[in-house]
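Chemist: Give me the fold of what follows.
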Amino acid sequence: MRAWASPWWAFAAFVAVSWYLLLRYHQTDHAGNGGFGVALAMWSLMVVTMMAPTAVPALAVLREVLAGRHTARWWMFLAAYLAVWWGFSVLAATAQWLLADAVLLDAHGRLGRLPAAVALLLAGAYQFSSLKERCQTACAMPFQWFLRHWRDGARGALRMGLHHGVTCVGCCWALMLLAFVGGVGSLWVMAVMTVLMIVEKLPALGRRVTVPLGVALVCAGVLLIALPAGGTPAHHGAGHMIEGKDPT
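Modeler: Predicted structure coming up:
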């Protein structure tokens, strides 16, 4: 019975339902250039389905520190963490709405060749930044992070969740915005990015992924810039490569 009392069951169900809703949304509405409300709904689902799983290492440490007690504080931490990412989703939805209004996104929510190249170069360069390193270290070593930032009580759980959420955004924001390159709402892009962000937060593997990923993103950006002007089919091919599909 104690196993069923664990919050992990509800957490797994929460993530599974979020993925289900996102899948249903993807099947019924392919409008990458919808209005602000449509964009916000999609980004809100995206941040839950993508970022809740990446918080598992920190949630596991918090569960251990709380010794299986104070489950409400565990949920408060998670709620505050996701609230920060929801704030990011508001900014991302606003960016999508503005880009669509400026006719910079195609029907699938993808940027044109040169803006996509800039996004790839930015995301690749950020992989080598000191801010990325600090935020990634905090996410990959949650026990040490809790030792430095621990706060008691329910209010403390909320403060820690907000703090950790900001740290996580600092680690992953550039990768999240690659949705504008592969296609906003693309399930392939979300799945690949989720796996990459989870791996980056694993202490044994994260450092081995960050630099090669940065190199790959920079190379992809340079390749898009090197394409001849008007290479729309080639850009669509690059987008399919990001989504994990063969452009042919």
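Chemist: Identify the residues contacting Met141.
Modeler: Pro203 (Cβ atoms under 8 Å, 6 or more residues apart in numbering). For the C-beta atoms, the positions are set from N, CA and C on the backbone; glycine is no exception.
Chemist: actually Val15, not the one I wrote
Modeler: 48-49, 52-53.
Chemist: would CSV of these with neighbour count and pLDDT be doable?
Modeler: Listed next are the contacts of Val15 as CSV, based on neighbours: other Cβ atoms under 10 Å; pLDDT from 0 to 100:
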residue, neighbour count, pLDDT
Val48, 21, 92
Thr49, 23, 92
Ala52, 21, 93
Pro53, 19, 92
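Chemist: Assumed Ala67 was part of a helix.
Modeler: No - looking at Ala67 with DSSP: H, G, I helix; E, B strand; the rest coil, it is coil, so not inside a helix.
Chemist: List phi and psi for it.
Modeler: Main-chain dihedrals, Ala67, degrees, to the nearest 10: phi 60, psi 40.
Chemist: Need the pLDDT of it.
Modeler: Note on Ala67: pLDDT of 81.
Chemist: Neighbours of it, how many?
Modeler: Using other Cβ atoms under 10 Å, Ala67 is surrounded by 7 other residues.
Chemist: Could you do Ser18 as well?
Modeler: That count, for Ser18 with other Cβ under 10 Å as the rule, works out to 19.
Chemist: Just the contacts of Val15: which are in helices?
Modeler: When DSSP state H defines the helices, the subset of the contacts of Val15 inside them is 48-49, 52-53.
Chemist: Tell me the one among the residues you listed nearest to Arg155.
Modeler: Comparing these against Arg155 with Cβ to Cβ places Ala52 closest, at 22.3 Å.
Chemist: so the closest one touches Leu82, yeah?
Modeler: Yes - applying Cβ atoms under 8 Å, one finds Ala52 in contact with Leu82, separated by 6.6 Å.
Chemist: Arg151 in helix, strand or coil?
Modeler: Per three-state DSSP, Arg151 ends up coil.
Chemist: Show me the shaky parts of this protein.
Modeler: 1-5, 28-34, 229-248 (pLDDT under 70).
Chemist: residue boundaries of the helices in it?
Modeler: Going by DSSP H, the chain shows helices at 7-28, 36-54, 56-65, 71-101, 113-126, 130-140, 142-149, 153-176, 179-182, 187-200, 206-226, 232-243.
Chemist: quick one: contacts of the third one?
Modeler: Contacts to helix 56-65, defined as Cβ under 8 Å, 6+ apart, come from residues 7-8, 11, 74, 77-78, 81, 139-140, 142-143, 145-146, 150, 164, 198, 201-202.
Chemist: repeat that with 10 Å
Modeler: For helix 56-65, contacts defined as Cβ atoms under 10 Å, 6 or more residues apart in numbering pick out 6-8, 11, 15, 52-53, 55, 69-71, 73-75, 77-78, 81, 138-147, 150, 157, 160-161, 164, 167-168, 198, 201-203.
Chemist: Which of these are buried? Put it as a ChimeraX command.
Modeler: The following ChimeraX line selects those of those that are buried, judged by 16 or more other Cβ atoms under 10 Å:
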select :7,11,15,52,53,55,70,73,74,75,77,78,81,138,139,140,141,142,145,146,157,160,161,164,167,168,198,201
